[in-house]
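Participant: Okay, structure incoming, though there's no sequence with it:
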């Protein structure tokens, strides 16, 4: 989907939807955090298959949630997927898909996730 604007939602909306789904699945549906992450992966599978950008946004948001809630060590798959994506990402590929404001937030958010994932102490929690 390089070269096309995200048509479904904005960067900020997608992050918000993923976070709200996580809250709904844990609070309303009673799932454990790692189960809620798995459910989100299933719910957004088609979206992630269709768009690399949206896949990066979703996985980075899942990593951010796992880091925030201190269960990243229970979801090594998330850490590994995000780490791999972050090593391969070229922000210039997404300039036509994101607004200037979204691209700046995207870079900032990915830098924050990268820094936290690289913190060895988080892997041991």
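Facilitator: Cool, the structure landed. Quantities reported herein were computed from a predicted structural model and do not represent experimental measurements.
Participant: need the strands for this protein, in chain order.
Facilitator: With DSSP state E, there are no strands along the chain.
Participant: how about the helices of it, start to end?
Facilitator: Along the chain, counting by DSSP state H, helices occupy 11-23, 33-43, 45-50, 52-68, 76-88, 100-117, 120-123.
Participant: Residue ranges in this protein under the pLDDT threshold?
Facilitator: 1-8, 120-125 (pLDDT under 70).
Participant: Return the backbone torsion pair for residue 44.
Facilitator: Dihedral angles of residue 44 (phi, psi; degrees, to the nearest 10) stand at phi -100, psi 10.
Participant: so residue 85 sits right up against residue 62, yeah?
Facilitator: No. Applying CB atoms under 8 Å, one finds residue 85 not in contact with residue 62, separated by 11.4 Å. Quick note: C-beta positions are derived from backbone N, CA and C, even for glycine.
Participant: So for these two, which sits in the more crowded spot?
Facilitator: Higher neighbour count among residue 85 and residue 62: residue 62, with 27 against 16, using other CB atoms under 10 Å.
Participant: Report the contact partners of that one.
Facilitator: Shown in contact with residue 62 (CB atoms under 8 Å, 6 or more residues apart in numbering): 18, 22, 37, 40, 41, 75, 78, 82.
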